[in-house]
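**Student:** let's see this in three dimensions:
(one chain, ligands or ions: 3)
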Amino acid sequence: MASHEGKPIRVALLGCGTVGTEVVRLLIDQAADLTARVGAPVELAGIAVRKPNKHREVPAELLTTDAEALVTTDDVDVVVEVIGGIEPARALLLSALRAGKSVVTANKALLAEHSAELFEAADGSGADLYFEAAVAGAIPLLRPLRESLAGDRITRVMGIVNGTTNFILSGMDSTGASYAETLEEATRLGYAEADPTADVDGFDAASKAAILASLAFHSRVTAADVHREGIASVSAADIAAAKALGRTVKLLAICERVTHDDGEGISVRVHPAMIPTSHPLASVHGAFNAVFVEADAAGEMMFYGQGAGGAPTASAVLGDLVAVARNRTHRGRGPRESAYAGLPVRPMGQTPTRYHISLDVADRAGVLSQVAAVFAEHDVSIAAVRQEGRVDDASLVIVTHAATDAALRSTVDKIGGLPVVREVVSVMRVEGEES
Ligand SMILES: NC(=O)C1=CN([C@@H]2O[C@H](COP(=O)(O)OP(=O)(O)OC[C@H]3O[C@@H](n4cnc5c(N)ncnc54)[C@H](O)[C@@H]3O)[C@@H](O)[C@H]2O)C=CC1
Ligand SMILES: N[C@@H](CC=O)C(=O)O
Ligand code: NA
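**Tutor:** Ligands and ions are numbered 1, 2, ... in the order given. From the prediction side, this is the model:
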């Protein structure tokens with residue numbers, strides 16, 4: 001790759017929406033500082049948009065609707081992609097990487113599906129592929145996993161990686177606001193994906209979990225490998241029940257090494273969970289993210305910051321842009337894919353977890369013993385029981401000790417069929433405390 005000592009680094013920006021607009025602002029406002037930090041000017045060569053007349057905030061001469069022509073122009077060194085979605089982002093970035101252009105992207109959906117193909121194209125030309133903004137927004141999390149902790153053995157990565165759902169859940173918990181109200185506000189604030197179901201159904205967090213697991217465990221994990229549950233099933237009653245138990249509800253991404261008889265594997269899951277209000281993650285509010293990383297030598301680390309929003313995300317994009325611009329100016333090279341371990345992803349059923357189960361039952365003698373017998377039959381230990389009688393029925397709340405998700409799920413299914421059980425009101429996993 002040619003050196004760029006002092007020669008301007010020319011940047012093609014794909015997309016000028018919530019994040020792209022802030023990328024343009026930072027590039028223009030910080031031009032002098034970026035030149036000093038890189039050792040060469042960093043210049044916008046063009047901005048690909050769908051509707052040029054919608055972008056009065058940027059110089060008209062930079063705007064184009066022909067993204068393919070822009071990414072293949074000889075005069076472009078770096079492509080920054082903040083369009084989102086799979087196509088045409090995938091085709092555009094493959095063209096750019098194969099032409100030897102460095103790529104910076106925030107596109108977790110794309111990386112969680114096609115990172116192997118993108119890394120292969122990068123290796124073929126020697127181009128850089130950076131994507132810090134794809135997970136946990138502004139938080140420098142991926143570079144520590146790819147570089148700072150590359151000499152350690154990471155065992156677990158767990159936390160809140162979706163700002164939209166955390167904004168919703170913490171709003172429902174603190175102000176009693178409705179799900180719809182908080183989702184609408186998150187969308188207005190620019191946190192949500194173009195299609196917010198990606199957030200609330202857990203797809204966004206699953207993409208991020210796949211990226212985290214791939215980097216942490218040096219294996220290939222895709223979004224399809226991730227056990228995924230969203231927050232649509234979380235009710236105000238669930239949040240109140242959690243509060244009564246000194247807990248709060250969060251959407252967690254949990255990636256961990258697991259060892260079974262047939263060797264080591266990976267568990268990767270995204271689901272709502274009750275965590276103790278004493279846990280640091282319980283204090284993560286709004287669109288903030290927080291992720292715990294555990295490694296053999298480093299021990300436990302916590303990363304915290306804004307996980308969504310145009311400016312916070314653009315900060316991570318610019319950090320990557322400075323890195324690839326420096327590499328091009330001073331003949332450096334960023335990290336490549338590291339998938340040598342090739343660990344298998346284990347099914348969710350084999351994963352140990354705990355359940356909080358809320359039941360409506362007939363209020364008569366022997367109900368508790370019938371329910372307890374089902375737990376015993378599945379070798380699931382009960383950690384806590386609370387029963388409250390009403391006029392003609394009762395509520396029964398059970399918190400279990402750790403068992404495999406398969407055993408817990410079978411237990412709930414069997415209990416739901418007992419004549420004395422009127423309704424399985426809710427089932428939610430419990431995380432973040434001794435099992
Ligand atoms: N909004 C946020 O807080 C964060 C977003 N991201 C990721 O950043 C990317 C962009 O997100 P946002 O800026 O929020 O989305 P956005 O929807 O606000 O902006 C995307 C822009 O790309 C344009 N676009 C779509 N297809 C195009 C095409 N073929 N050619 C040219 N322009 C095209 C759209 O018109 C829109 O203006 C997504 O991959 C998202 O997952 C990552 C972290 C945080
Ligand atoms: N929609 C995403 C944006 C950042 O990745 C989120 O809410 O976290
Ligand atoms: Na990040």
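
**Student:** near ligand 1, which residues of the chain are found?
**Tutor:** Residues of the chain lying close to ligand 1 by C-beta under 6 Å from any ligand atom are 14-20, 48-50, 67, 82-84, 88, 106-108, 133, 137, 190-191, 193-194, 308-309, 313. The way it works is simple: take the backbone N, C-alpha and C, and place the C-beta from them, glycine included.

**Student:** buried ones among those?
**Tutor:** Neighbour-count burial (16 or more other C-beta atoms under 10 Å) applied to those gives 14-20, 48-49, 67, 82-84, 88, 106-108, 133, 137, 190-191, 193, 308-309, 313.

**Student:** now, these that are in helices?
**Tutor:** 18-20, 67, 108, 313 (DSSP state H).

**Student:** now render those residues as JSON lines, adding distance to Val161 and pLDDT.
**Tutor:** As requested, these are arranged in JSON lines below (distance: C-beta to C-beta, whole Å; pLDDT from 0 to 100):
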{"residue": "Thr18", "distance to Val161": "18", "pLDDT": "95"}
{"residue": "Val19", "distance to Val161": "17", "pLDDT": "97"}
{"residue": "Gly20", "distance to Val161": "22", "pLDDT": "97"}
{"residue": "Ala67", "distance to Val161": "28", "pLDDT": "98"}
{"residue": "Lys108", "distance to Val161": "9", "pLDDT": "98"}
{"residue": "Thr313", "distance to Val161": "13", "pLDDT": "98"}
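
**Student:** so which of these would you say is closest to Ser178?
**Tutor:** Within these, the smallest distance to Ser178 is 23.9 Å, found for Thr18 (C-beta to C-beta).

**Student:** got a list of what that closest one touches?
**Tutor:** Shown in contact with Thr18 (C-beta atoms under 8 Å, 6 or more residues apart in numbering): 190, 309-310, 313.

**Student:** quick check: pLDDT value at Leu408.
**Tutor:** Listed pLDDT for Leu408 reads 96.

**Student:** my error: substitute Ser435 in the last question.
**Tutor:** 59.

**Student:** the buried ones among the residues of the chain next to ligand 1 also near ligand 2: which ones?
**Tutor:** Contacts with ligand 2 within these, counted by C-beta under 6 Å from any ligand atom: 137, 191, 193, 308.

**Student:** ok, those residues vs ligand 1, which is closest?
**Tutor:** Proximity of these to ligand 1 (C-beta to the nearest ligand atom) peaks at Ala308, which lies at 3.5 Å.

**Student:** remind me which residues of this structure are low pLDDT?
**Tutor:** Along the chain, the parts satisfying pLDDT under 70 run over 1-5, 434-435.

**Student:** quick one, domains of it?
**Tutor:** Residue ranges for each domain of the chain read 9-138+310-329, 148-306, 351-430, as given by automatic domain parsing.

**Student:** any chance of these in CSV, with distance to Ser338 too?
**Tutor:** Output for these, formatted as CSV (distance: least, C-beta to C-beta, whole Å):
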stretch, distance to Ser338
domain 9-138+310-329, 9
domain 148-306, 5
domain 351-430, 24
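
**Student:** looking at the ones you listed, which is closest to Ala339?
**Tutor:** Nearest of the domains of the chain to Ala339, taken as C-beta to C-beta: domain 148-306 at 4.8 Å.

**Student:** do the closest one and ligand 3 come into contact?
**Tutor:** No - judged by C-beta under 5 Å from the ion, domain 148-306 makes no contact with ligand 3; its nearest approach is 8.2 Å.
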